[in-house]
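Visitor: Sequence and predicted structure below; questions after.
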Amino acid sequence: MTGSEPTEVAFFETGTDAADGVQDRSQSDPADDDRRLPPPDLARRIFDVSPISTVVIDSAGAIVYANERAIETLRLSSDEIAKRSYEPSEWNISYEDGTPIPVDEHPVARVFETGEPEYGFEHWLELPDGTERWLVTNSRPVANDADEVEYVVVAFEDVTDLKRRGERLLSDHMRRLEFRADQAAVPPSLRVEEGEWRIEVESVVSLPDDATIQYMGTSDLSANDFVTAVEEVPHYVDVRLLSTSEGYSRIEARAKEATVAEVFQSLGGQPRAVIIAHDEVRFLGELPGDVDHRLAAEGIRRFHDNVELVSEDLVYSPHLLYDIVADALTDRQLATLDAAYFSGYFETPRTSTGGELADRFGVTRQTFNQHLRKAQQTVLEHLFEEIDRNH
């Protein structure tokens, strides 16, 4: 608990004057009061386990109570929360543009001043580990018999993921990044004496066992040399040639361990290519315009300590329909559709069968086909329904 025991009891006990403010009991019929009041201690227990982060602030500005979800969201212990007041200077909160929120604009201050609730207040909050989260807060007063605001109850939710997803959907641009690492990052099987090899990373599909299927292609190696080289990279297994056309070879490989390509994907972007030269390897990928490139660099450094950013370009990337469809699909449906497309399932003749792809995912062919049909239906619904709305 965060605060003195008397404060908590006064706020949560039922059948007392303090509870009158919380319950807003009618004065007309005492029998109605009895039916509306919860059993002893139930209000406090419900408050504790509520899925919404909630804190209670007294008239001195002290946080006298925080429920379990609030402790999780703020990443502080109950004792640490109890040592703070609501003032912005103690929480490092800011508006969207980074401007600190002054105390007189803080919703809790306004509720104490006006006695009116404040709903839908949005702001950034810096957590103890330095990360920032986007919160939406709703604040409501609890008045005493003299109609004075005695407490303010603040409920808040972390909607950072929703905000970032919305920013990606509304963004017309991506950033194309190129990172460089020295020769130590190049597997012996892929080292070149002169010139360079470019390997396109077409797609990375997640599997249920935390492995991935990666689809890659190149015009710089023969089909046999390409397959042999990738097979010699330790984290790739089950490498197979999908097609060779006009000197361009495409392969499918199962990655049993994490790879650099997954770094871009984990940040909402896409890996694009790996360029291998005599004394270096370069990783090319795209990230949404609102994602800090330093996050990608940190991810790649898990594999190669000496990586550095060597170029950055802003590129137009109208992926709105793809993002909307991807959001509508389950992870399994999206992975199934990705694998079917890049493995050549839709080509004539097929370079991958439904049975082969089902084996990759560890499911029956019937289950694979169900996921694929549902994914296709969702894509077509978004395509044709959007056309109908616009015509």
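Guide: Received, thanks.

Visitor: quick one: His304 and His278, what's the gap?
Guide: Taking C-beta to C-beta, to the nearest Å as the criterion, His304 is separated from His278 by 17 Å. Bear in mind the C-beta positions are built from the backbone N, C-alpha and C, glycine included.

Visitor: When these two are compared, which one has more neighbours?
Guide: His304 (18 against 12; other C-beta atoms under 10 Å).

Visitor: Val110 and Glu118 touch, don't they?
Guide: Careful, residue 110 is Arg; it's not Val. Yes - under the criterion of C-beta atoms under 8 Å, Arg110 makes contact with Glu118 at 5.6 Å.

Visitor: What is the neighbour count of the spatially closest residue to Glu347 that is not a sequence neighbour?
Guide: Distances taken as C-beta to C-beta, 6 or more residues apart in numbering place Ser243 nearest to Glu347, at 7.8 Å, with adjacent residues excluded. By the criterion of other C-beta under 10 Å, Ser243 has 15 neighbours.

Visitor: partners of the host helix or strand of Ser243, with directions?
Guide: Using DSSP states H and E, Ser243 sits in strand 236-245. Next to strand 236-245 in the sheet, as set by DSSP bridges, lie strand 248-255 (antiparallel).

Visitor: Can you point out the buried residues in whatever helix or strand comes next after the strand it pairs with?
Guide: Later in the chain than strand 248-255, the nearest helix or strand by DSSP H and E is helix 261-266. Using 16 or more other C-beta atoms under 10 Å as the test for burial, helix 261-266 gives Ala261, Glu262, Val263, Phe264, Gln265.

Visitor: now stretch 152-165
Guide: Buried residues in stretch 152-165 (16+ other C-beta under 10 Å): Val152, Val153, Val154, Ala155, Phe156, Glu157, Asp158, Lys163.

Visitor: Which one among these sits at the bottom for pLDDT?
Guide: Minimum pLDDT for those is recorded at Lys163 (81).

Visitor: Could you check what's spatially nearest to it, not counting adjacent residues?
Guide: Lys163 sits nearest to Trp134 (C-beta to C-beta, 6+ apart), 4.6 Å away.

Visitor: which helices and strands does the top helix by length along the chain pack with?
Guide: Using DSSP state H to define each element, the chain has its longest helix at helix 365-390. Counting contacts by 3 or more C-beta pairs under 8 Å, 6 or more residues apart in numbering; DSSP states H and E, helix 365-390 packs against helix 320-328, helix 331-342, helix 354-361.

Visitor: The longest one - what's its average pLDDT?
Guide: When you say that, I think you mean helix 331-342. On average, helix 331-342 scores 90.

Visitor: just the shortest one next, same as before
Guide: Across helix 354-361, the average pLDDT comes to 91.

Visitor: cool, stretch 185-192 as well?
Guide: 72.

Visitor: Can I get it in PDB, CA atoms only?
Guide: What follows is stretch 185-192, C-alpha atoms only, in PDB (Å, rounded to 0.1, in the frame of the first residue of the first chain):
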ATOM      1  CA  ALA A 185      30.600 -10.000 -39.900                       C
ATOM      2  CA  VAL A 186      30.900 -11.900 -43.200                       C
ATOM      3  CA  PRO A 187      30.600 -15.700 -43.000                       C
ATOM      4  CA  PRO A 188      33.600 -17.400 -44.700                       C
ATOM      5  CA  SER A 189      31.300 -19.000 -47.300                       C
ATOM      6  CA  LEU A 190      30.200 -15.600 -48.500                       C
ATOM      7  CA  ARG A 191      33.500 -13.700 -48.600                       C
ATOM      8  CA  VAL A 192      34.500 -12.300 -51.900                       C
END
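
Visitor: in the chain, which segments are predicted with low confidence?
Guide: By pLDDT under 70, the weakly predicted segments of the chain are 1-38, 165-173, 187, 189, 316-324, 385-391.

Visitor: ok, 50 please
Guide: Low-confidence segments of the chain (pLDDT under 50): 1-11, 13-26, 387-391.

Visitor: can you list the domains in it?
Guide: Following automatic domain parsing, one gets these domains for the chain: 5-158, 172-316, 319-382.

Visitor: next one: the shortest one to chain centre, how far?
Guide: If you compare the mean C-alpha spot of domain 319-382 with that of the full chain, they lie 23 Å apart, counting by C-alpha atoms, centre = their mean, to the nearest Å.

Visitor: Filter the buried residues of stretch 152-165 down to just the ones in strands.
Guide: Judged by DSSP state E, the buried residues of stretch 152-165 include Val152, Val153, Val154, Ala155, Phe156, Glu157, Asp158 as members of strands.

Visitor: need the contact list for the third one.
Guide: With C-beta atoms under 8 Å, 6 or more residues apart in numbering as the criterion, the residues that contact Val154 are Thr54, Val55, Val56, Ile57, Tyr86, Pro107, Val108, Thr137, Asn138, Ser139.

Visitor: What separation is there between it and Val111?
Guide: For Val154, the distance to Val111 (C-beta to C-beta) stands at 9 Å.

Visitor: what separates the residue lying closest to Arg240 once chain neighbours are set aside from Thr131, distance-wise?
Guide: Sequence neighbours aside, Glu252 is the residue nearest to Arg240 in space, at 5.5 Å (criterion: C-beta to C-beta, 6+ apart). Distance, Glu252 to Thr131, by C-beta to C-beta: 36 Å.

Visitor: got it, and Ile52?
Guide: 21 Å.

Visitor: Just give me the neighbour total for Gln366.
Guide: 9.

Visitor: next one: Glu381
Guide: Glu381, neighbours per other C-beta under 10 Å, totals 12.

Visitor: Same check on Phe112?
Guide: 21.

Visitor: so how far is the helix or strand it falls within off the chain centroid?
Guide: Assigned by DSSP H and E, Phe112 falls within helix 107-114. Distance of helix 107-114 from the chain centroid (C-alpha atoms, centre = their mean) equals 32 Å.
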